[in-house]
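1. give me the fold of what follows.
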Amino acid sequence: MASVTQPVFVPAPELPLGPRNALVIATSRYDDEELRHLRSPVRDAEDLAAVLAHPSIGGFSVTSLIDKTELQIRQEIESFLSGRGPDETILIYLSCHGIQDDRGRLYFAATDTKKKQPRVSAVRAADLLEQLDDCRARRQILILDCCFSGSFGESKGDLNLEHQLSAHTRGREVLTASRGSEYSYEGELIDGAITGSVFTTGLVEGLRTGRADRDRDGRITVEEAYQHAFLHVRETQTGQTPQHWLSGGEGGQIVLARSALGREINAADLPEHVLVGLENPAPIVRIGGSPLAELRMLSARDIAGILSVPEVTVRTKWRDWGLPAYRIGRHLRWRERDVLAWIDGQAIDPRPPSPQESRSRRQ
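-> The predicted structure is shown next:
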């Protein structure tokens, strides 16, 4: 007989000690007509910022930059990363066009970026990585939901994102919405409302609901959040493949958020004899099957009720019955487990005695 237990959730453990700061950058409109406007970045930035800033989920202090120039973005990144301590967790999120120059170098577009002149008008990925290398924070998260494909169709060769975004330091995790040769699909217009991109929507949903917590320990790591977003993207069948790279230190174990579901606790299975007792139709046996019977104390009146005898019988016969009693104050009390064990010992064997047993009893 197997017991059936339902999972129980308790509040999630606290986030790791140390300040948590996030910089959310989104660019949806562009002055250069060769860079098409994007629908999803602003919605993505708002949704992600909300879940990251939620005190019971992400616990981040969030700064948002929406539709800013290349200079404004570079200055804010520099300010954001400077002066950090080793015990801090930092996160940078970018949602925009990704541009590749004629030598294959990666840039992130701003509102005033010129597609054909990225070196003087866009944020260079290599510069961002160098700034992250110089940052003292030991837990670094970089998330890119960028539309790489289609922005550099005239460039030579495929964009090797892993080569350009691989960490030069320890304790950094990088997530991208797709490979360099794939589109990062935006959300559709539904009843005139703009929806988020496929990747960020999956990421936010996993954090907001707690379903990204795959091991149910109450904390969502970057790896778990990535796995949830990856499966969400695959279910949409958009053809894009999210990527995840990490480097030593705390990479792979960086806690991104607390689970809104909490931490799951699985109750231990009850012993077989207890389960049998709890399912017995006799009330007295069911009571005895309860673990509380190990602790419960009975009065003489309680025992009299169980045995259907006068209370005075219990008070005068308990020594003859061999029931151990305990004096609590001025009163005598008996352990319920002892009483039930004594009752079990009074059972009459329903079998007729064998001839050998009969002879043994007569002798």
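2. so where do the helices sit in the stretch 151-300 of the chain?
-> For the stretch 151-300 of the chain, applying DSSP state H, counting those that start in this stretch gives helices covering 161-165, 198-209, 222-236, 272-278, 283-289, 300-307.
3. mean pLDDT lowest for which of those?
-> In terms of average pLDDT, helix 283-289 trails the rest of the helices of the stretch 151-300 of the chain, at a mean of 52.
4. residue ranges in the protein under the pLDDT threshold?
-> 1-6, 148-170, 179-196, 238, 247-252, 267-295, 347-363 (pLDDT under 70).
5. what's the closest non-adjacent residue to the residue most central in space within it?
-> The chain has residue 213 as the residue nearest its centroid, 2.4 Å off, counting by CA atoms, centre = their mean. Excluding the flanking residues, the one nearest residue 213 by CB to CB, 6 or more residues apart in numbering is residue 259, at 4.0 Å. (Each C-beta comes from the backbone N, C-alpha and C, glycine too.)
6. quick one, what contacts that neighbour?
-> By CB atoms under 8 Å, 6 or more residues apart in numbering, the contact list for residue 259 reads 12, 210, 212-213, 216, 218-220.
7. recalculate using a threshold of 10 Å.
-> 9, 11-13, 56-57, 206-207, 209-213, 215-220, 224 (CB atoms under 10 Å, 6 or more residues apart in numbering).
8. ok, now residue 220?
-> Residue 220 touches 12, 57-58, 206-207, 210-214, 228, 255-261, counting by CB under 10 Å, 6+ apart.
9. can you say which of the residues you listed are buried?
-> 12, 57-58, 206-207, 210-213, 228, 255-261 (16 or more other CB atoms under 10 Å).
10. the residue nearest to the centre of the chain contacts residue 223, correct?
-> No - the pair residue 213 and residue 223 fails to qualify as a contact (CB atoms under 10 Å) at a distance of 11.3 Å.
11. anything in contact with each of those two?
-> Counting by CB under 10 Å, 6+ apart, nothing touches both residue 213 and residue 223.
12. rewinding a little: of the contacts of residue 220, which belong to strands?
-> Applying DSSP state E to the contacts of residue 220, the entries found in strands are 255-258.
13. chain center to stretch 324-338: distance?
-> 49 Å (CA atoms, centre = their mean, to the nearest Å).
14. buried ones in stretch 197-205?
-> Buried residues in stretch 197-205 (16+ other CB under 10 Å): 197-205.
15. for those residues, give me CSV that also has distance to residue 336.
-> Formatted as CSV, the buried residues of stretch 197-205 follow (distance: CB to CB, whole Å):
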residue, distance to residue 336
197, 63
198, 61
199, 60
200, 59
201, 57
202, 55
203, 55
204, 54
205, 51
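16. closest one of those residues to residue 65?
-> residue 200 (15.8 Å; CB to CB).
17. distance of that closest one from residue 46?
-> According to CB to CB, to the nearest Å, residue 200 stands 10 Å off from residue 46.
18. please apply the same query to residue 199.
-> Counting by CB to CB, the gap from residue 199 to residue 46 is 16 Å.
19. how about residue 84?
-> In terms of CB to CB, residue 84 sits 25 Å off from residue 46.
20. can you check residue 145 too?
-> In terms of CB to CB, residue 145 sits 13 Å off from residue 46.
21. can you list the domains in this protein?
-> What automatic domain parsing lists as the domains of the chain is 9-264, 272-348.
22. packed most tightly, which of those would that be?
-> Sort those by mean neighbour count, taking mean count of other CB atoms under 10 Å, and domain 9-264 sits at the top with a mean of 19.
23. first-to-last residue distance for that one?
-> 4 Å (CA to CA, to the nearest Å).
24. next one: that domain to chain centre, how far?
-> 19 Å.
25. and for stretch 254-267?
-> 4 Å.
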